[in-house]
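[1] Based on what follows, work out the 3D shape:
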Amino acid sequence: MTYELTILVLNTLLCLAFPWAYNYAYAKQPGVGGKRLMGNRDSLPERTGMAARGARAHQNHLENLVPFAIIVLSAHAIGVSNTVTVVCAAIFLAARIAHGGFYLAGITRLPRINGVRSIAYFVSLFSMLVYASQLLLA
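    Sure thing, here's the model as predicted:
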């Protein structure tokens with residue numbers, strides 16, 4: 001398996017991990033509990049805090065995983081793999097981990113850096129665009 005495909009699988013595993021994190025937080029919310037989550041989930045209260053942020057982070061990751069997967073699989077199909085694609089795949093994974101971590105933790109700024117979650121998102125987007133450019137140049 002190529003490095004890029006390995007990164008795609010790791011991003012998929014990250015996507016699968018989000019529900020574990022935010023449903024754990026949701027089960028701790030007043031009026032929810034684990035037993036109610038194992039049922040039909042009718043009339044459950046709205047997600048708040050980490051449970052709500054986690055669901056949004058998961059949705060955002062899904063929205064970015066699909067185009068990333070298309071780019072990686074297309075590159076694999078036509079045999080494009082080089083230093084640029086490897087670096088872009090690694091940057092994409094690191095940025096998505098950072099984005100998800102910041103989102104789950106509710107971190108919007110670090111000392112002297114506002115919008116860290118948005119910065120992580122744009123880094124992942126830029127890495128995808130650079131990766132896609134390698135397909136267009138092939």
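
[2] what helices or strands is the helix or strand of the chain with the lowest mean pLDDT leaning on?
    When the helices and strands of the chain are scored by mean pLDDT, DSSP states H and E, helix 33-37 comes last with a mean of 72. With contacts taken as 3 or more Cβ pairs under 8 Å, 6 or more residues apart in numbering; DSSP states H and E, helix 33-37 sits against helix 3-27. Where you see a C-beta, it was placed from the backbone N, CA and C, and this is true even at glycine.

[3] Pull out the buried positions in the helix it packs on.
    By neighbour count on 16 or more other Cβ atoms under 10 Å, the buried set for helix 3-27 is 4-5, 7-8, 11, 14-15, 18, 21-23, 25-26.

[4] picking that back up, CA atoms only for the least confident helix or strand of the chain, dumped as CSV, please.
    Presented in CSV, the C-alpha positions along helix 33-37 are these (Å, rounded to 0.1, in the frame of the first residue of the first chain):
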residue,chain,number,x,y,z
GLY,A,33,-27.2,8.5,29.7
GLY,A,34,-25.8,5.5,27.9
LYS,A,35,-29.0,3.4,28.2
ARG,A,36,-31.0,6.1,26.3
LEU,A,37,-28.3,6.3,23.6
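
[5] I'd like the distance from that helix to the chain centre, please.
    26 Å (Cα atoms, centre = their mean, to the nearest Å).

[6] Quick one: mean pLDDT for the helix or strand just after it?
    Using DSSP states H and E, the next helix or strand after helix 33-37 towards the C-terminus is helix 49-78. Average pLDDT, helix 49-78: 96.
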